[in-house]
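[1] Sequence first, then the predicted structure, then my questions.
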Amino acid sequence: MKLILATHNPHKVIELKDKLKVHLTHYEVLSLDDIQITHDIEETEATFEGNAILKAQWIADLTGEVCIADDSGLCIEALNQEPGVYSARYCGEHTPYAIKNQMILERLQFQNNRKAHYVSVVALAQKGHSAKTFRGEMWGHIAVEAKGSNGFGYDPIFIADGYTHTIAEMPLELKNSISHRHKAIELLIEVLIQEEHV
């Protein structure tokens with residue numbers, strides 16, 4: 001069976017493929033690039049759940065294969081949960097994350113409340129079936145300066161609860177074991193394994 005990852009993001013593809021292949025050996029895990037789909041699916045929904053379902057269902061209907069899609073973002077309490085669902089498009093979709101991170105640090109410069117959390121919602125879709133969603137969160141706070149070169153996105157400014165270094169300073173194996181996406185994917189894998197034995 002094929003399992004399509006509805007993303008062109010190479011970081012997400014690596015993280016998702018590695019995790020899924022370990023547990024779902026009966027699936028051939030493929031990205032959109034693997035099946036030569038170059039279309040970018042516009043995220044028009046107002047929630048992580050809505051965007052994840054939109055992407056997964058579109059690819060499932062197009063290919064007829066089982067498909068999963070992730071929508072994720074950073075929510076900062078003092079900024080009214082921004083950038084939230086607009087995390088990838090914050091300050092413009094093509095703005096480098098170094099600039100996005102610096103802008104957030106500047107906006108929080110005089111804020112005592114630096115609480116934040118990452119959200120990942122993974123949708124599982126199959127043609128002719130209602131999509132299912134799985135939500136994972138990672139709580140923490142925004143650092144006072146960007147540090148680290150591992151990870152991607154907002155990782156250089158996010159410190160997870162229980163840790164003193166940013167996510168971008170962690171070994172990738174550690175980050176991938178505590179991340180919001182890891183938690184959502186673990187829930188997805190449980191359901192796929194159960195369905196395999198039904």
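    Here it is on my side, so go on.

[2] thought Leu24 was touching Leu5?
    No - using C-beta atoms under 8 Å, Leu24 makes no contact with Leu5, being 12.0 Å away. Glycine gets a C-beta too; all of them are placed from N, C-alpha and C.

[3] Between those two, which has more neighbouring residues?
    Neighbours per residue, other C-beta atoms under 10 Å: of Leu24 and Leu5, the larger number sits with Leu5, 24 against 17.

[4] Next, give phi and psi for the more buried one.
    Phi and psi for Leu5, reported as degrees, to the nearest 10, are phi -90, psi 120.

[5] correct me, but it touches Asp33?
    No - if you go by C-beta under 8 Å, Leu5 and Asp33 don't touch, sitting 9.5 Å apart.

[6] Which SSE is immediately downstream of the helix-or-strand element of the chain with minimal mean pLDDT?
    Using mean pLDDT, DSSP states H and E, helix 10-23 stands out as the lowest-scoring helix or strand of the chain, at a mean of 79. Sequence-wise, the next helix or strand downstream of helix 10-23 (DSSP states H and E) is strand 28-31.

[7] Run the chain-centre distance for that next one.
    17 Å (C-alpha atoms, centre = their mean, to the nearest Å).

[8] what helices or strands is that strand leaning on?
    strand 2-5, helix 10-23 (3 or more C-beta pairs under 8 Å, 6 or more residues apart in numbering; DSSP states H and E).

[9] Flag every buried residue along the next helix or strand after that strand.
    Going down the chain from strand 28-31, the next helix or strand is helix 48-63, by DSSP H and E. Under the neighbour-count criterion of 16 or more other C-beta atoms under 10 Å, helix 48-63 has 48-60, 62-63 buried.
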